[in-house]
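# how does the following fold in three dimensions:
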Amino acid sequence: MAWRPNKYLIEGELDNTQLGKVTGWMQFAGMKGKVTFDLEGNFHRDIRGAKIRFKGNASGNEPDAKAYMEGFAKHQTGKVGDMTAGLPPADYVSGCVYLEWYGDHNGRIVIELEQSRAEVIGTPLLASQCEPISRQEQDRNMMEHLQETARQPSGKT
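Numbering: from 1, shown residues only. Presented below is the predicted three-dimensional model:
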């Protein structure tokens, strides 16, 4: 399972200009202030070495947002999953923004957006000079998440 707060995303920005690290912030309806990020890993090659700024569809007045976002950590740490703008070379998905991470406190989180809702800031590294994200590493991340989920009592994962 994954926590999918798409409906409550107002806006955000993630930064992979320091390779091996993704930092940034997101703002969600139902939460006061911004959620900050300090994740290990890299974006996919289409945006690696750059930033991505995006807007969700939430206005901040969604009546069920507070209940859904309850327990969502204000500081997200963990590992980058698949993070791409869906641009060439499309190593994972094409035509949409896909932001996935494995949070130390909230497990797997996925946000999917239309490409028109995002802007790449800066110049990504040349795809020809980067290795694609290892599918084996991503499979290990998912396996670790599933094992952790199986060890926890029922609740949000």
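# going forward, measure contacts between C-alpha atoms and count neighbours the same way
Noted.
# quick one: contacts for Thr17?
Taking CA atoms under 8 Å, 6 or more residues apart in numbering as the contact definition, Thr17 lies against 48-51.
# just these: which are in strands?
Lys51 (DSSP state E).
# export the contacts of Thr17 to a markdown table and tack on distance to Ala73, pLDDT and neighbour count?
Formatted as a markdown table, the contacts of Thr17 follow (distance: CA to CA, whole Å; pLDDT from 0 to 100; neighbours: other CA atoms under 10 Å):
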| residue | distance to Ala73 | pLDDT | neighbour count |
| --- | --- | --- | --- |
| Arg48 | 25 | 96 | 25 |
| Gly49 | 26 | 97 | 23 |
| Ala50 | 25 | 98 | 20 |
| Lys51 | 22 | 98 | 21 |
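# between the contacts of Thr17, which is nearest Ala127?
Arg48 (8.3 Å; CA to CA).
# if I pick that closest one, what's in contact with it?
For Arg48, the contacting residues are 16-17, 19, 42, 124-125, taking CA under 8 Å, 6+ apart as the criterion.
# looking at these, which is nearest Glu137?
Of all those, Asn42 has the smallest distance to Glu137: 11.9 Å, by CA to CA.
# surely the closest one forms part of a helix?
No: Asn42: not assigned to a helix; according to DSSP: H, G, I helix; E, B strand; the rest coil it is coil.
# any idea how far it is from Gly30?
Distance, Asn42 to Gly30, by CA to CA, to the nearest Å: 29 Å.
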